[in-house]
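J.: show me the folded form of this:
(chains A, B and C)
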Amino acid sequence: MLPRYRPRTFALELLMIFVALLFAYPVYVLVNLSLKTPHEIAEASIGPPSHLETANYSNAWNGAHLGAAMMNSTIITVASLVCLIMIGSTAAYYVARTQSKLSYGMYLLFLLGIVLPFQLALVPLYRFLTDTGLLGSYTSMVLFYTGLQIPFTIFLYAGFLRALPREYGEAALVDGANHWQSFTRVTFPLLRPVTGTVIILNAVFIWNDFLTPLIYLGGTPNETLPVVVYQFVGQYVSNWGYIFAAVVMASLPILVVFLLLQRYVIRGFTSGLKG
Amino acid sequence: METTHARTELIGKAAARPARRRRARQVGSPVLWFAAPAMAIYALIVLYPSLAGAYYAFTDWSGIGSAKWIGLENFKTLFRDEQSFGSLVNTLKLTAFIVVVQNAIGLALALAVHTRIKSRNVLRVLFFAPAVLSPVVIAFLWKYMLNPEPDAGLNAMLGFLGLGFLQQNWLGDPSVALWAIGLTVVWQFAGFSMVIFLAALQGIPRELEEAAAIDGAGRFQRLHRIVLPLIAPAMTINLTLSTIGGLKLFDQVFAITNGGPGYSTETLSTLIYKQAFVFGAYGYSTAVALVLTLLVAGLALLQVRYLQGREVTY
Amino acid sequence: MFSWSTHAGARARRVGAAFLVAAIAALLAACGSGTQDKSDNGSSNGGGGGPKVTLTLKSITDAKVAWEPLIAAYKRVAPNVTIDASYAPTDQLQTALRAQLGTGNAPDLFVDWPGNGSAMSVQQLAPSGLIADISDQGWTKQVPDGVKPLLGANGKTYMWSPGATPIGIIYNKQVFKQVGIAEEPKTWSELLADAQKIKAAGKIPFAVGNQTPWVTQLLPYAIAPSTAFAVDPNLAQDMLDGEKSFTNSDWHTVYDRYIELYKRGLFNKSPNGTTYEQTQQLLGSGKAAMVVQVIAAMPPFLSAAKNKDDIGTFPFPAADSADALKIPAGVDAGIAASAKGKHLAEAKKFIEWLGRPENMASFSKATYSIPLVGADPAKTDPLLKPFAPFMASNKTVPFMDQQWPNAKVQPAHFAGVQDLVAGKTDVGALLKKLDEAYQQK
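T.: Residues are numbered from 1 along each chain as shown, chains lettered A, B, ... in the order given. From the prediction side, this is the model:
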């Protein structure tokens, strides 16, 4: 890091602001289109709308029952995250701290999950959930996402744990604590930065997932946001103003979560790695 | 920093009791049941169904009705199929593009944001924000912007910036379409790579760089000899994730071009999907999926081994 | 001993508490939702009208505007039956339904496509016994003979369809006026002449949106009835019987003419890069004069225009004389009942009710189609009027994919047309590729 704010730094600042504007251009287009009428969208100009068609937002909200869908998405996402963090971090702890053929084999087995295409398990899993009567419930989705994202979560946790010095956890063990206590009271709090990363990355994936909720929850009152937003997308006829308005509203919660977490994540990374 | 303080305290306390009755307790390994719940759910939701699903690769199942065992027929067809080979080539090309460009831009952004510029907090959020949007929405947006007319979308912006010569028939030109898709993916995830690089950058003690600067090392030398080696773990993570992500990429390709124009953007993932749900050849699609799995697993394993060997700890 | 009172401990405690609360909330919600679902799908003896039944209906977004009034009307007819309808985009819905059908767990009523040629076509689904036979319903007897086979397989009827929609030319009247075209072209040579005039005036004669795969087939479908199918009116069946094929027939004329239009510069500059939505923009803004489209796609073209009255339609004049003209008209996607549905009898009753002329008319009106049964010429939408005589006098050919034997030919057709325009293949090679796909199981 440069110690002083030099003219060169100011030049860099200007350059980065310009780059950021370029980067943000598609997002500008998204918000722009969400406030236009169908006729204006057909005009395809890049300028702002002549008047703000906020009716797109209210119509999309009511027409798609976005409120209920947002609730469904939130419940499923939060429950899945809780499960993932609890069982993912403990499994990663075992894998990273135990030097044995079994633990290494387990680790590779988990990693296999990151690589498997979703089509393989699609039909048998759907059959299983239908037979157990869980289809259409939150439970089926939480089970699904936890199982699906466990490999990625363990990958993140284990990677970080390997870089974390063992002394702190071991000090607690020497003090008479058992592994569970050592983990929950010493090691896990030190994993704060990676927990933040796990939350944000998994939350984004689960929040935006479309196909599985369509197959498992379609037609029930438990539909998630992507399912209700995409019901506006037709082959012949699509109301793009509604769709983009719905997308803006659907993306806001996740963006807010990221905003809140990112300071926590970045700050935590610093302290964690320096330790 | 509070946590460092707490840990120091802890170590101090541990060190300060040598004489006391310390249990001769082996600092053993965590018990197996730490991993049991994860393994249980993983086996139930992923392993067993995938294994059961893999069975279809050896049948002629169309997706509905009955399945007849046909052994290795699907695999034989796969290796003779021109279209599969073309899809494999496209998949590899697209992945290479994404891995190189996304991480290069991500690193550049991280280095730029890791300076004293005042707007670095806002910039961090702005660059990461696209990763938060659903890939299908991104596809709609970019299709709208990749209009071939010179006075619309991205072409209009290029013209406005005086870069008119860069205007393209983005999605209609078979030699450009694949890279156009790569561009949208890079745009979406460069900020993601940036965040991971940033985390590693912030872990490098300032003293190291300052010492090197005092010793007369130039900025490029500092970057090459000190910064890059020390952020190697982040490099490993980013390269591995983008490789796996690129090889498996589906939503963006399907939603933007559906494999077209012609077959110029057909990838293994879109092929697998189409065989299963559009052509009514679910068994064959599973065979392709298994081959893709082997490919991805093999490449990822090689990559991780190579990269982890080069990581430097300090 | 490590205590909870240090900073790290406090933070851990707060985080732990938050997780605990979230976990409890999630568990409660999970339990709660379970019961909610179970009660929805049960049937109990309610008040008058018979036992309460809920039917699930899944259809495509395009049909939502047509289903909603009918579902509301049926509630008044049969108050004990509730229809739970949900809609999704066509591609993803096909995936979801295939997955559900593959595990024997389909909705009570779901969208189905007529004829053959796609993974969700009625003739692909019927052999596996997954959809219910409705041949005994009264309305099926009134469906025109040419259309009836497309609604089922092996002489039996398995699905309901509201009507048929033609492919024609949607055009911008203002552009025609500006260029000085007084009358719509009625023959192939008139069409070419008018298109040249439009081009000379600096406008785009045809806006072609080949970037969107399903658009690629429309122009060939518009040309084929008056060329390949004029030479052999029984061409579809002859191909199924193996007597003719893409190569061994007059199909090449279709693509020769297609390429002729392209080579003369009568398309927009980059057809392969232009999407369906962008063709709406081009036509609505007056930059382009004509678009070859399914008339069911009319609504967005109307919204894109400055003035709805600027938009008109006429049949694609693919023949050398006006009398010889035949147009493509396809039976719409409709609905089928799951053979394994829990409430099959009620589902069938709903389909029977849909078969009434007024209900068919209601659905067709919303989707710019002409009803299969009891079409009233007086009530035809003005934009459909140019096509009505053809449909009434059987001068139509069904959309060709509805009579192809498997689901591989249509995607090969999409990609092939794109390659043709990109110059990566020629007409002969394209026809060969189509034949290869046709021969597959």
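J.: can you give me the neighbour number for the residue of chain A found nearest chain B?
T.: Relative to chain B, the nearest point of chain A is residue A:147 (2.5 Å; C-beta to the nearest C-beta). (Each C-beta comes from the backbone N, C-alpha and C, glycine too.) Taking other C-beta atoms under 10 Å in any protein chain shown as the criterion, the count of residues near residue A:147 is 25.
J.: residue B:49 is in contact with that one, correct?
T.: No: counting by C-beta atoms under 8 Å, residue A:147 does not reach residue B:49; the two are 9.1 Å apart.
J.: related to what we said a few turns ago, that's a helix at the residue of chain A closest to chain B, yeah?
T.: Yes: counting by DSSP: H, G, I helix; E, B strand; the rest coil, one finds residue A:147 located in a helix.
J.: quick one: pLDDT of it?
T.: pLDDT for residue A:147: 95.
J.: ok, the one 5 residues further on next?
T.: Predicted confidence (pLDDT) for residue A:152: 90.
J.: what sits against residue C:160?
T.: Neighbour list for residue C:160: C:134, C:139, C:151, C:334-336, C:351, C:354-355 [criterion: C-beta atoms under 8 Å, 6 or more residues apart in numbering or on different chains].
J.: actually, residue B:310.
T.: residue B:232.
J.: please redo it, this time with the cut-off set to 10 Å
T.: With contacts defined as C-beta atoms under 10 Å, 6 or more residues apart in numbering or on different chains, residue B:310 is in contact with B:229, B:232-233, B:235-236.
J.: check those residues one by one and keep those near chain A.
T.: Within the set of those, contact with chain A (C-beta under 10 Å from any C-beta of the partner chain) is found for B:233, B:236.
J.: compare the contacts of residue B:310 and tell me which is most surrounded.
T.: For the contacts of residue B:310, neighbours were counted using other C-beta under 10 Å, and residue B:233 has the most, 23 neighbours in all.
J.: what residues sit buried inside the helix or strand hosting that one?
T.: In this structure, residue B:233 sits in helix B:232-248 according to DSSP states H and E. Judged by neighbour count (16 or more other C-beta atoms under 10 Å in any protein chain shown), helix B:232-248 contains these buried residues: B:232-248.
J.: all helices for the stretch 1-150 of chain A, in order.
T.: Per DSSP state H, counting those that start in this stretch, the stretch 1-150 of chain A has helices spanning A:7-34, A:38-43, A:55-63, A:66-97, A:101-115, A:118-131, A:138-163. These are given in chain order.
J.: so which of those is nearest residue B:214?
T.: Closest approach to residue B:214 among these (C-beta to C-beta): helix A:7-34, 18.9 Å.
J.: any weak-confidence spans in the chain?
T.: Picking chain A for this. Across chain A, the ranges flagged by pLDDT under 70 are A:1-5, A:264-275.
J.: sorry, I should have been clearer: chain C.
T.: Screening chain C residue by residue with the criterion pLDDT under 70, one finds the ranges C:1-49.
J.: give me the residue from it nearest chain B.
T.: When C-beta to the nearest C-beta is the measure, chain C has its nearest residue to chain B at residue C:273, with 2.3 Å between them.
J.: chain C - how does it break down into domains?
T.: Structural domains assigned to chain C are C:53-162+C:332-375, C:168-330+C:387-439, following automatic domain parsing.
J.: before we move on, the earlier item: could you check the angle the helix holding residue B:233 makes with helix A:101-115?
T.: Helix B:232-248 and helix A:101-115 are oriented at 50 degrees to each other (axes from the mean of the first three to the mean of the last three C-alpha atoms, to 10 degrees).
J.: which strands and helices sit next to helix B:232-248?
T.: Secondary-structure packing of helix B:232-248 (3 or more C-beta pairs under 10 Å, 6 or more residues apart in numbering or on different chains; DSSP states H and E): helix A:101-115, helix A:138-163, helix A:240-274, helix B:82-113, helix B:174-201, helix B:268-277, helix B:282-309.
J.: now do the helix or strand following that helix: distance to the chain's middle.
T.: Along the chain past helix B:232-248, the next helix or strand (assigned with DSSP H and E) turns out to be helix B:251-256. On the basis of C-alpha atoms, centre = their mean, to the nearest Å, helix B:251-256 is displaced by 16 Å from the centre of the chain it belongs to.
J.: what do you get for stretch A:97-109?
T.: 27 Å.
J.: so is it next to chain C?
T.: No: counting by C-beta under 10 Å from any C-beta, chain C has no neighbours in stretch A:97-109; the shortest distance is 18.0 Å.
J.: buried ones in that stretch, by neighbour count?
T.: Of the residues in stretch A:97-109, those scored as buried under the neighbour-count criterion (16+ other C-beta under 10 Å) are A:97-98, A:103, A:106-107, A:109.
J.: now do stretch C:346-360
T.: Along stretch C:346-360, these residues count as buried under the neighbour rule (16+ other C-beta under 10 Å): C:346-355, C:359-360.
J.: gap between that stretch and the chain center?
T.: 20 Å.
J.: of the contacts of residue B:310, which is the nearest to chain A?
T.: For the contacts of residue B:310, with chain A as the reference and C-beta to the nearest C-beta as the criterion, the closest is residue B:233, at 6.5 Å.
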